[in-house]
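Q: structure of the sequence below:
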Amino acid sequence: MSHAGVGHHHPKGIKRWLYTTNHKDIGTMYLVFALIMFFVAGGMSLIFRIELFRPEHVFIQPQFYNEMITMHGIIMIFGVVMPAAAGLANWMIPPMIGAPDMALPRLNNWSFWLLPFAFSIALSTMFMSGPMPDFGWTFYAPLSTTFGPKSTDFFIFTIHMLGLSSILAALNIAVTIINMRAPKMTWMKMPVFVWSWFITALILLAIMPVLAGGVTMMLMDRNFHTAFFEAAGGGDPILFQHIFWFFGHPEVYVLVVPAFGVISEIIPAFSRKKLFGYHMMVYATIIIAFLGFLVWMHHMFTTGAPIESQLFFMYSTMVIAVPTGVKLFNWMATMHKGSLSFETPMLFAIGFLVIFTIGGVTGIMCALVPSDYQYRGSYFVVAHFHYPLLSAVMAIMAAVYFWLPKWCGKMYSEAMGKWHFWLTVISVNVTFFPQHFIGLAGMPRRVPDYPLQFTDLNQVSTIGAIVMGLSQLLFLYNLIRTVKRGKEAPQRPWDGAKGLEWTLPSPMPYHTFEEAPDELHGYED
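A: Residues are numbered from 1 along each chain as shown. Next up, the predicted model:
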């Protein structure tokens, strides 16, 4: 059978998006899906923040409050940050390494289309008789096994589908980077963004099967009378926490390491300098990923672990601060004496540095066993983990503003972008910084009511959350306006005074799809 002319058949309309194997189309679908889920999860957070505006005033029932907290956490992690980062990977990795597409294009299509079906299953629990999953995004046993609502089985199926999607995407990205680089693009000539995604893919391949095993054991406990996590049957609920956090802590780096890659592309571009310490940045990221597997039990200091274990995990957690500090100082050294300009992507990149650093400092506080005993289960921990996660969101926004002219050939409104940045960075801090003090004063997480002395800071936090939510509508409007009727982007939107190539990553990507030269943008082997 002749295949002549098959390559010229281009489906239109919905078929184009259902059947596409083009990395750009799939990248776009990931990003659009993440944007939709961003507003869904954000709406859920506003519901429970409004509940916390006044004590002793019931806006929503406690049961629904817990359901909203559970779904908000799962959607933000699996439905927003991970798909958005995968969208950036799909769009940018092939041109950065000189590949025509991803290595496994049909697998690429499948890994995306698993996501909307998975979240349809999760959100369908809102319309079932009985409660939605209500045990928090960590779904600890026995809350999720013995006491979980019937909808928990749908939740488990959702997690399985999300895990499969992540494994397929990670496999595809790793194979693409290993096999499809331009002939002379050696490992140490790859852009840092590509390095960051290669490391992220390896983390995902290691941790997702662990999560799958954990939720399968949940399913067995719930439906087949096993007792993996049931103390009465000889099981151990603490085993669930070990399994979950062995997945859960490296997962934090799945969210943040691609953000490291984005920032390593944007800061050199707007500093008009090559990235300071390219090799050390790569090695620091590898070390962070490796150490991320050795710290999971710092989430479990209060579970009665032996003191030797607590000390090991305390020190290993503190050690991660060293390679992370290397990265922060290298980014600042890149900016030092550079010819800086402060367009929207650069503002979001600097915002990332500030927000991420605050999260890192409070992370060191949580790493200390004696102080963690005081913080665990309080709003201090909520404030702490929102800082690194929101820094990842800010890096994604920086990437969208940075690469949008490449993606659609049109220029966004710079004034609107700057308004979006300032409203976002101020409202993030107004929302989450007071929660450190509420937590230190003793307010526990996941409670819909609280004593009167916490009222003022909770009200500040809720107002910040509302402003943050509204400011994202400006982002949405700017995106739609750019795609529909934005001005045509110049050939080099971020040209500046030095005639920069407009992606200016570290090192420069080579786009001929043939081979990379011996030296790429000033880097030597």
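
Q: who's in contact with F276?
A: 330-331, 333-334, 336 (Cβ atoms under 8 Å, 6 or more residues apart in numbering). C-betas here are computed from N, CA, C, even on glycine.

Q: quick one, strands of the chain?
A: For the chain, the strands defined by DSSP state E cover 410-411, 487-488.

Q: looking at those strands, which is buried most?
A: strand 410-411 (a mean of 16; mean count of other Cβ atoms under 10 Å).

Q: residue ranges with poor pLDDT in the stretch 201-350 of the chain?
A: Along the stretch 201-350 of the chain, the model assigns pLDDT under 70 to no residue.

Q: PyMOL command for the buried members of the contacts of F276?
A: Buried subset of the contacts of F276, written as a PyMOL selection, criterion 16 or more other Cβ atoms under 10 Å:
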select buried, resi 330+331+333+334
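
Q: which ones among the contacts of F276 are found in helices?
A: 330-331, 333-334 (DSSP state H).

Q: of the contacts of F276, which is the nearest to G98?
A: T334 (24.5 Å; Cβ to Cβ).

Q: right, and the closest one touches F270 too?
A: No: counting by Cβ atoms under 8 Å, T334 stays clear of F270, with 9.8 Å between them.

Q: what about the closest residue to Y379 other than its chain neighbours, neighbour count?
A: Spatially, and ignoring its direct neighbours in sequence, Y379 is nearest to G439 (3.5 Å; Cβ to Cβ, 6 or more residues apart in numbering). Residues lying near G439 (other Cβ atoms under 10 Å) number 24.

Q: gap between G439 and I358?
A: 14 Å (Cβ to Cβ, to the nearest Å).

Q: then F380?
A: 13 Å.

Q: more neighbours: those two, which one.
A: It is F380, of F380 and I358, that has more neighbours when counted by other Cβ under 10 Å, with 25 against 21.

Q: what sits against the residue nearest to the more buried one when sequence neighbours are not counted?
A: Closest residue to F380 apart from its sequence neighbours, by Cβ to Cβ, 6+ apart: G439 at 2.9 Å. Going by Cβ under 8 Å, 6+ apart, G439 touches 375, 378-383.

Q: what's the closest of the residues you listed to S151?
A: V382 (24.5 Å).

Q: okay, the strands of the chain in CSV with mean pLDDT next?
A: Formatted as CSV, those follow (pLDDT from 0 to 100):
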stretch, mean pLDDT
strand 410-411, 94
strand 487-488, 91
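
Q: so which of the ones you listed comes closest to M346?
A: strand 410-411 (15.5 Å).

Q: pull out the buried positions in stretch 24-35.
A: Neighbour-count burial for stretch 24-35 [16+ other Cβ under 10 Å]: 25-31, 33-35.

Q: sorry, wrong one. I was asking about stretch 132-142.
A: 132-139, 141-142.

Q: residues near the nearest residue to M314 once chain neighbours are set aside, how many?
A: Using Cβ to Cβ, 6+ apart and skipping the chain neighbours, the partner closest in space to M314 is V369 (5.1 Å). By other Cβ under 10 Å, 17 other residues sit near V369.

Q: what do you get for the one 10 residues further on?
A: Using other Cβ under 10 Å, Y379 has 28 neighbouring residues.

Q: in CSV: the contacts of F276, plus distance to L476.
A: Output for the contacts of F276, formatted as CSV (distance: Cβ to Cβ, whole Å):
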residue, distance to L476
N330, 33
W331, 29
A333, 35
T334, 31
H336, 35
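
Q: before we move on, the earlier item: was I right about the residue nearest to M314 contacting L311?
A: Yes: between V369 and L311 there is a contact under Cβ under 8 Å: 7.4 Å.

Q: anything in contact with each of these two?
A: In contact with both V369 and L311: no residue, using Cβ under 8 Å, 6+ apart.

Q: just for the stretch 401-525 of the chain, where's the confidence low?
A: Residues of the stretch 401-525 of the chain that meet the cut-off, pLDDT under 70, sit at 495-525.

Q: all helices for it, in order.
A: 414-440, 455-485 (DSSP state H, counting those that start in this stretch).

Q: do the same with the stretch 51-200 of the chain
A: 62-74, 82-97, 105-124, 152-179, 192-223.

Q: centre of the chain to the second one, how far?
A: When you say that, I think you mean helix 82-97. 13 Å (Cα atoms, centre = their mean, to the nearest Å).

Q: I263 against I350, yeah?
A: No: the criterion here is Cβ under 8 Å, and I263 misses it with I350 at 9.3 Å.

Q: show me which of the two is the more surrounded one.
A: Using other Cβ under 10 Å as the criterion, I263 and I350 rank with I263 on top: 29 against 23.

Q: how about the contacts made by the nearest residue to the more buried one once chain neighbours are set aside?
A: Closest residue in space to I263, ignoring its immediate chain neighbours: A349 at 5.1 Å, by Cβ to Cβ, 6+ apart. If a contact means Cβ under 8 Å, 6+ apart, then A349 has 262-263, 266-267, 270, 395, 398 as its contacts.
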